[in-house]
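K.L.:
Sequence and predicted structure below; questions after.
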Amino acid sequence: MLNRRTFLKATGAAAGAAALGFPAVLRAQPKEIKIGAVHPVTGPLAEIGQACRLGAQMAVEAINAVGGIKSMGGAKLVLLPGDSETKPDVARTVAERLINEGAVMLTGAFHSGHTMAMVPVAQQRRVPFLVDISAADVITLNVAQSVKEGKQKTQYVYRNFPTTTAFGRKAIQFMNEIFKATGTSPKRAVLMYTNDPFGKPQSEGFIKAHKEQGAPFEIVEVIPFPEVPTDLSTEVAKARAAKPDIICPITRAVSATLLLRELAKQRVDILGVISPGAPGLYEKGQIDALGKLIEYTMDNVPWINPLSAKTRKIAEEYAKRSGGKTFDTNSGYSYEAITIMADVLERARSTDPDALVEAIRATNMKDPIMVAGGPVRFNEVGDNANASTAMIQILSQKPLVVHPKESAEAKLVFPAPKFWERG
Amino acid sequence: MDPILLGQAALNGFLFGGVYSLMAVGLSLIFGVMRVINIAHGDMMVWGSYLAFILAFRLGLDPFVSFVLCAAALFCLGVVVQRGLVNRVLNAPHEMQILLMLGVALVLENLALVVFGPDTRRTESAYGLATVWFGPIFVDVARLITFALALALSCALYLFLFRSDLGKLIRAAADNGYGALVIGADVERIYTVAFGIGAACVGAAGALMSALLPFSPAAGFAQTVTSFNIVIIGGMGSLLGAFLGGLIVAVAESLGAVLLVPSLKELVGFVLLVLILLFRPQGLFGGKTP
């Protein structure tokens, strides 16, 4: 929503920054390098936003602890945290503010809609933006397209996270492998999704991959619901009437809670809940609130690599600092974005935006802390094509990787016991 | 279209409508008696929800019991707001009243943000997941209890207004404030009680709804809008209209989710509003005072 006040704030900020921006480039060897991180720290996505912020903060501290950016005289990283309040317009104004406060790179913003709102800011202000989490393909694709068409000179937006297309492909691949391994063959699936800039493309990616790769099941019903939903009883009744064998939900925290409670309440008789990739189904707060209702839920998500010693060490520290929470998709990818930025700064030896972009494009960071298909590298669109997912399952109230086998830390349970047989 | 699904959706909506009705009845009473538009209605409701949440969390009280305490607390809040603020602007132009109540709404919302934080909450009830099955159709026990309590409270309010002396005085003051003054009624006290009762209704509605749906400090505004929608559809100032309006809107939204895309269900209530404004601007049961 644009009103007079936000308009004045935005234009005023832009004018001020234009005046201040030029000398910043000439400044030699900064002692501090500021990185702006925008996350939904309050509002409906607060639990996730707080996880992202802590992940990023820990990464900054870890880098500073081993001497900062060595090629720039040991310059220390400083995290400028921003709160999008789970609103896209706020994400945009906060990004502007962080740039005015001296951020030379941006990261964020978890919600695809918020990230999209920040993209024009990054492009206009020439501040490299490394998206830590956001799946919608168009985020990087649109910018790459306009650079290709000559409408924009340089692409400043890059992403270290799987796209919705990648999510869809992995989801179908993993499901097929799981059904084969467990000797099950669900025939009917109902896809339910949160109707927002993440949920809609995510569902389309899943449907497209289903069509291209094939699966033993038909998608018999597709049910979108508004985010934040107030009530999902009718949506679940609709899903139930379609007689599904599996439910494939694309949720967020509030909708995940409503959905699982309604599935149990309405005694929907299914083999299991398998998400093509969505938040709300593995966070500690969600598990605490839902208890046995969330048990056995599977989710195809980008995840930390449980077999990496480096990752396990970070996870231990994260648990200590977060009051026992899991180092997961969100905290993990926000952490990794900062480590990539540090690597980029190290090679760029400068905070000049174009030098940074050049360094981002040349990235080849081995041994990522997340489950991945290879080193971090950015393709022509600006995405890390090696960013991948794993199938996790809530077992004994903990999210554990159950597939693919080479990353698995527990044996998956499928079909899952019925909601009403869980004691 | 599957008739069982339609029946189920209609039933779900109908049972949920009770709590809509209760909140609309509160708004309608305040408007009917004082002609004050309570923009803070939804935020009062959210406070009812938070009180139920606190009582469940600290004392383990089920919201289906603690709603009485929540209603009492909101009655007190209503009295304070009426005595301290609304009374001063009773004869002021509508826009001044609206600005005042908007201020109250902002204070309530942000106070909730400071006290409870921004997270979405829900109140746990022992009946939260209980259902009773009749063949393929199920009845959500929490909704059924909510509906029964909302109906009982609305009936009690009706009896109070039409049978008790104080109730008759409230109706008299609503009908003609000056006339009530002439016959010796303490109109100021009547207004205070009426505002208190209106707030108590929405407080009870908030407590009951907290067992069904998640809520957050920011949820108030949407509830205010829904309340207004219901009251206008039912007829401004008509208690029966507000009650039936609540059921109509809830059933329409629920059926809308089945017949249209679920994302469009909130549209249905507002389409109803537009139709009513076009063809029956006084509302379905309008034209009468409570």
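P.N.:
Cool, the structure landed.
K.L.:
Show me what from the stretch 251-400 of chain A comes close to chain B.
P.N.:
Residues of the stretch 251-400 of chain A lying close to chain B by CB under 8 Å from any CB of the partner chain are A:253-254, A:257-258, A:261, A:264-267, A:289. (Glycine included, C-beta is placed from N, CA and C.)
K.L.:
redo that, cut-off 6 Å
P.N.:
By CB under 6 Å from any CB of the partner chain, the residues of the stretch 251-400 of chain A that approach chain B are A:254, A:264-265.
K.L.:
Can you add neighbour count, pLDDT and secondary structure and give those back as a markdown table?
P.N.:
Rendered in a markdown table, the data for these read as follows (neighbours: other CB atoms under 10 Å in any protein chain shown; pLDDT from 0 to 100; DSSP: H, G, I helix; E, B strand; the rest coil):
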| residue | neighbour count | pLDDT | secondary structure |
| --- | --- | --- | --- |
| A:254 | 24 | 86 | helix |
| A:264 | 20 | 93 | helix |
| A:265 | 21 | 91 | helix |
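K.L.:
Dump the residues you listed to TSV, plus distance to residue B:88.
P.N.:
What follows is these, written out as TSV (distance: CB to CB, whole Å):
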residue	distance to residue B:88
A:254	39
A:264	51
A:265	48
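K.L.:
can you tell me the residue of the stretch 151-300 of chain A closest to chain B?
P.N.:
The stretch 151-300 of chain A approaches chain B most closely through residue A:234 (4.0 Å), counting by CB to the nearest CB.
K.L.:
which residues pair with residue B:140 across the strands?
P.N.:
Beta-bridge partners of residue B:140, counted by DSSP bridges, are residue B:131.
K.L.:
What about it, how many residues nearby?
P.N.:
Residues lying near residue B:140 (other CB atoms under 10 Å in any protein chain shown) number 24.
K.L.:
repeat for residue A:150
P.N.:
Residue A:150 - counted by other CB under 10 Å - has 7 other residues nearby.
K.L.:
Quick check: phi and psi on it?
P.N.:
Main-chain torsions, residue A:150, degrees, to the nearest 10: phi 80, psi 10.
K.L.:
Local confidence estimate at it?
P.N.:
What the model reports for residue A:150 is a pLDDT of 92.
K.L.:
And residue A:25, by the same measure?
P.N.:
47.
K.L.:
Same check on residue B:288?
P.N.:
pLDDT, residue B:288: 48.
K.L.:
I'd like to know how far the residue nearest the centre of chain A sits from residue B:278.
P.N.:
Nearest residue to the geometric centre of chain A (CA atoms, centre = their mean): residue A:133, 2.9 Å. Look at residue A:133 and residue B:278: by CB to CB, to the nearest Å, they are 46 Å apart.
K.L.:
repeat for residue A:258
P.N.:
Relative to residue B:278, residue A:258 is positioned 34 Å away (CB to CB).
K.L.:
Quick check: the residue of the stretch 151-300 of chain A closest to chain B touching residue B:256?
P.N.:
No - between residue A:234 and residue B:256 there is no contact under CB atoms under 6 Å: 8.6 Å.
K.L.:
could you say what helices and strands the host helix or strand of residue A:172 packs with?
P.N.:
Residue A:172 is part of helix A:164-182 when elements are defined by DSSP states H and E. Other elements packing on helix A:164-182 under the criterion 3 or more CB pairs under 6 Å, 6 or more residues apart in numbering or on different chains; DSSP states H and E are helix A:199-213, strand A:298-301.
K.L.:
and of these, who's closest to residue A:83?
P.N.:
Nearest of the helices and strands packed on helix A:164-182 to residue A:83, taken as CB to CB: helix A:199-213 at 22.5 Å.
K.L.:
Next, the residues that contact the closest one from outside, please.
P.N.:
Residues from elsewhere that reach helix A:199-213 (CB atoms under 6 Å, 6 or more residues apart in numbering or on different chains): A:136, A:164-165, A:167-169, A:171-172, A:191, A:193, A:250, A:276.
K.L.:
please redo it, this time with the cut-off set to 8 Å
P.N.:
Residues outside helix A:199-213 that contact it (CB atoms under 8 Å, 6 or more residues apart in numbering or on different chains): A:112, A:135-138, A:163-169, A:171-173, A:176, A:191, A:193, A:219, A:222, A:224, A:227, A:248, A:250, A:252, A:276-278.
K.L.:
relative orientation of the helix or strand hosting residue A:400 and helix A:164-182 in degrees?
P.N.:
Per DSSP H and E: residue A:400 is located in strand A:398-403. Orientation check (axes from the mean of the first three to the mean of the last three CA atoms, to 10 degrees): strand A:398-403 against helix A:164-182 gives 80 degrees.
K.L.:
Which parts of the stretch 101-250 of chain A are helices?
P.N.:
A:112-125, A:138-148, A:164-182, A:199-213, A:233-241 (DSSP state H, counting those that start in this stretch).
K.L.:
Please identify the most buried of those.
P.N.:
Most buried of the helices of the stretch 101-250 of chain A by mean neighbour count (mean count of other CB atoms under 10 Å in any protein chain shown) is helix A:233-241; its value is a mean of 24.
K.L.:
Residue A:258 and residue B:278 - which one has more neighbours?
P.N.:
Each of residue A:258 and residue B:278 has its neighbours counted (other CB under 10 Å); residue A:258 has more, 25 against 8.
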